[in-house]
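Asker: What shape does this take:
(2 chains)
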Amino acid sequence: MVINARNLVKRYGELTALDHLDITVEEGEIFGLLGPNGSGKTTAINCILSLLDYDEGSIEVFGRPMTPENYEAKRKIGIVMQNVAVFQELTVYENIDYFCGLYVADKTLRRKLVNEAIEFTGLEDFRKFRPKKLSGGLLRRLNIACGIAHKPQLIILDEPTVAVDPQSRNKILEGIAELNRNGATVVYTSHYMEEVEQLCTRIMILDKGRAIATGTKDELKAMISIGEKVIVDTDVPDEALLKALGGIRGVSSVSYSEGAVTVTSGRGMSSLEAVLEILKKSGAAYSRIRTELPTLNDVFLEITGKGLRD
Amino acid sequence: MPVFKLCLKIIKKNLPLMIMYMAIFLVVSVVIASANKQNEEKATVFTSSRTAMAFLSEEDTPLTRGLKQELAKVAVFVEIENSDEAVKDALFFRKVFYALKIPEGFSEDFMSGKAPVLETIIVPGTIPAVYLEMAVNQYLNTARLYVDSLQGIGQAEVVQSVAKDLENSSVVVIPESDGLVGAQNFSSYFFNYLAYSLLSVLILGVSSIMIVLKDKDISRRNHASPVSRNSMTVQIFMAMVLLTLGAWVAMTGACFLLNIKGSLNVNFLMFMLNSFVFALAGTGISFLIASVIKGRNALSAVNNVVTLGSSFLGGVFVPQQFLGPAVLQFSKFLPTYWYVKANNLIGFLTVFDPEHTAEVFKSMGVVAAFGAAAFAASLILDRRGRLS
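Answerer: All right, here's what the predicted structure looks like:
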């Protein structure tokens, strides 16, 4: 087990940031911490890294209690902070070299590792650039390069794609998947459910410092009562049509908003065929029909009664 | 030592600005120190001169002749008419600074034990007139001793005895006048101005490093690494010491090169020691400032307020003797005051035994205490910030 945190409690005065939280991360997995802003993701990471004291509980990393002095464990960890943490005074190469130098003393080996990190993050053309000359996406890539250059066994990425354009985001996610394929265990925090769903092999959903669900994405989706959704883009439908759709066997709810009727089935049920039949019979005009499987947002919504981005 | 190397790179990035500070300091301090040196040399070189006076005697006796002969050693006699109008004109136009009127019968009254009155008219507030007054009094007081002590003594004998007595004089040796006074003054002024520029450079350099390393995300990133806090502190401290040494060597070295003749003495070593203590204290103060300020924008403002403020109040730009008692009382809470005080004392030192150097070392000790207190305060602030 790479991380074994038990019964973590962290309080800031009256506010309980972590509420008896258990986190276990197995070797080789990409573990996702998903939750809205303020749910305790970064606090949990800071506690795991011993950057923050906690009030109750215990943390083991690589089988040993994690303390500020556990340099052996720290040496195996790569951290990519939520905010870009680089030096404006140094070039891209110098920045990566500095952070790599905190872990690797050998100059020759470090040069090799830094060059590999530059290549991995696609920063070859920007070696001599200072950070202020880089775009937001490139800065994020530099931030990642600084965190992974020393080839850590455990990589912790705290919302590494915040404020990044979709193209750079995809590159970052591909890179993280590759790091995992190369043998690194990854802990990935985000409030973007699509990213976590795409990347992570196991996910913990956090809310108000508590783990409200943990498992693979399929396991999480299996926890909730809803199944497939059929979404029909149409003008304002009449009451009779909505009533007919609601009467389909296995449908749990029918709603209309922003030019689309959403027909939600119960777990394991599909209603597409019946919806098409009713639309045909009623002669209602529609522009598009699509189906969606439940998302992690639905999981969060059903468990907490609110959306991930509320 | 990645943190040490990082600090050096940050210093290197800020080097142009630091060099600019030092260059401006060198130019300004050389100009001002040279100008002050010339003034000081004029003021400290002693040459005897005689004062113009009017000797208006209405009688010619051995006693008045003896007095005139004695006064001739310190005065030049100017012939003017013996009238109030003429005397006033001569004093007004500074033809004379002192007029002595001896009335008829003065000598006889004096020899008979009476206290005859001499009329003197002077240019008010002039030192030469005071000296002449003293010379006249000295002569007559000595003569009075003979008249009162030896009954029946004649005027000629009195004059002879007084002249003999007044021939005796003490030899006064001024040790500073061995040709080094001017050179030491150059160093004294130079090292005083050094307080401003050295502190500016140190605050700039130390704060630049600390602002970067204090950044919350950078700090977290560093502390997540396997480099211990102690190791980081030591590496940062080493970089600060190197910066301090570099700035100190550059500035004191410049003083040495610009004034080699005046630097080959114990005073210069004392100046160097004093400035080194001040440099270390400046590093502590810079640490404290870096702990308090929030960003680069504030750095320049705080730097100017601290360095200029302490320089003005501490006696760098305005000599301490010209500062008011209230200001001086306040200045004692500034290390610059004690540094300048020690410099001023060193400038006048000719004997280097414990008795004479005690005050200098006491001032250095106060400066060192300021530095240690600032350093301790910054560590406490750092610890509080870390815990919060």
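
Asker: quick one: the residue lying farthest from the centre of chain B and chain A, what's the gap?
Answerer: For chain B, the largest distance from the centre (C-alpha atoms, centre = their mean) belongs to B:Gly152, which lies 55.7 Å off. Separation of B:Gly152 from chain A (C-beta to the nearest C-beta, to the nearest Å): 99 Å. Any C-beta I mention is one placed from the backbone N, CA and C, and that applies to glycine too.

Asker: Name the SS class of that residue, please.
Answerer: B:Gly152 falls in the coil class when you classify it by DSSP: H, G, I helix; E, B strand; the rest coil.

Asker: backbone phi and psi for it, please?
Answerer: Dihedral angles phi and psi of B:Gly152 (degrees, to the nearest 10) take the values phi 80, psi 10.

Asker: All the helices of chain A, residue numbers only.
Answerer: A:41-48, A:71-75, A:92-101, A:107-120, A:136-148, A:166-181, A:193-199, A:217-222, A:239-246, A:272-282, A:296-304 (DSSP state H).

Asker: now the angle from the longest one to helix A:107-120?
Answerer: Computed with axes from the mean of the first three to the mean of the last three C-alpha atoms, to 10 degrees, the direction of helix A:166-181 lies at 130 degrees from that of helix A:107-120.

Asker: Give me the pLDDT for the residue nearest to A:Arg249 when sequence neighbours are not counted.
Answerer: Leaving aside its sequence neighbours, A:Arg249 sits nearest to A:Ala274 (C-beta to C-beta, 6 or more residues apart in numbering or on different chains; 7.4 Å). Per-residue confidence (pLDDT) for A:Ala274: 86.

Asker: ok, A:Ala274 - how many residues close by?
Answerer: Number of residues near A:Ala274 (other C-beta atoms under 10 Å in any protein chain shown) recorded here: 19.

Asker: what about the strand or helix carrying B:Ala279, average pLDDT?
Answerer: According to DSSP states H and E, B:Ala279 maps onto helix B:266-292. Taken as a whole, helix B:266-292 has a mean pLDDT of 88.

Asker: and whichever helix or strand comes after that helix, how far out from the chain's middle?
Answerer: Using DSSP H and E, the helix or strand that follows helix B:266-292 in sequence is helix B:296-314. The chain centre lies 24 Å from the centre of helix B:296-314; the measure is C-alpha atoms, centre = their mean, to the nearest Å.

Asker: Okay, domains of the chain per the record?
Answerer: I'll assume chain A. Per automatic domain parsing, the domain ranges recorded for chain A read A:3-221, A:225-293.

Asker: meant chain B actually
Answerer: Domain assignment for chain B by automatic domain parsing gives B:2-43+B:177-387, B:51-173.

Asker: contacting residues for B:Ala342?
Answerer: Going by C-beta atoms under 8 Å, 6 or more residues apart in numbering or on different chains, B:Ala342 touches B:274, B:360, B:363-364, B:367.

Asker: go with 10 Å
Answerer: B:191, B:270-271, B:273-275, B:277-278, B:357, B:359-367 (C-beta atoms under 10 Å, 6 or more residues apart in numbering or on different chains).

Asker: cool, and A:Ile48?
Answerer: Taking C-beta under 10 Å, 6+ apart, we find A:Ile48 in contact with A:3, A:5, A:8, A:23, A:25, A:54, A:59-61, A:66, A:73, A:77, A:79, A:154, A:156, A:187, B:224.

Asker: now do 6 Å
Answerer: Contacts for A:Ile48 (C-beta atoms under 6 Å, 6 or more residues apart in numbering or on different chains) come out as A:Ile59.
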